[in-house]
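Q: Sequence below, structure please.
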Amino acid sequence: MDETSDPQPEPADARDLLVERIIRAPRSIVWAAWTDAATLGRWWVPAPSVCRVLDLELRPGGSFRTEFSEDGEAFVPQITGCVLEVVPEQRLVWTTALVAGWRPAEDPFITAVIEMEDHPDGTRYRATALHRDIAQRDHHLELGFHAGWGIVTEQLATLVEQA
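A: Residues are numbered from 1 along each chain as shown. Next comes the predicted model:
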């Protein structure tokens, strides 16, 4: 754990997974990295994979769709979801249980709650993945939640701390 990270707290609900850290950048810059499609595409998947943001409609019911590629050429779907809540520079909530326009998704997996608050060293960043049950949470752990979300959080921090 580096000097900008706090010990990872336990999520409030055992079904959830959490990544939290202090990012040494103003909240407005961290928020912009999440809400600008071009910038989000620069850090949202673990390098060297490449992300393409297809939709980022920052309104309740808006579409959030991304694809990724391991070789930069053949892209496959990553996130197909729906934005649930947008509180500028504080909170962004999206889910794969729905798609744009509140339509039920074929393969629901998580609801993500991204929270940001001021901290003396920059921004306290908290990303929580909510799951239907423990089995789904455990499946996400097996897929590499901590490594993957930890890497992209580190990539986010590296990007915004250089701004």
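Q: Name the secondary structure element that contains residue 109.
A: According to DSSP states H and E, residue 109 maps onto no helix or strand at all.
Q: What number of residues are in the vicinity of the residue lying closest to it once chain neighbours are set aside?
A: With sequence-adjacent residues excluded and distances taken as CB to CB, 6 or more residues apart in numbering, residue 109 is closest to residue 96, at 4.6 Å. The C-beta positions use only the backbone N, C-alpha and C, and glycine is treated the same way. Counted with other CB atoms under 10 Å, the neighbours of residue 96 add up to 18.
Q: can you pull the pLDDT of residue 96?
A: Note on residue 96: pLDDT of 98.
Q: Going forward, count from 3.
A: That works, and once the first residue is 3, the last one we named lands at residue 98.
Q: Distance from the longest helix along the chain to the middle of the chain?
A: Selection of the longest helix in the chain by residue count, based on DSSP state H, yields helix 147-163. With CA atoms, centre = their mean, to the nearest Å as the basis, helix 147-163 stands 9 Å off its chain's centre.
Q: Now do the buried residues in that helix.
A: Buried residues in helix 147-163, defined by neighbour count with 16 or more other CB atoms under 10 Å: 147, 151, 152, 153, 154, 155, 156, 157, 158, 159, 161, 162.
Q: which SS state does the residue lying closest to the last one once chain neighbours are set aside fall under?
A: Right, the one you point to is residue 162. Nearest residue to residue 162, sequence neighbours excluded (CB to CB, 6+ apart): residue 27, at 4.0 Å. Following DSSP: H, G, I helix; E, B strand; the rest coil, residue 27 is assigned to coil.
Q: Was I right to think residue 27 contacts residue 158?
A: No. Residue 27 is beyond contact range of residue 158, at 9.3 Å (criterion: CB atoms under 8 Å).
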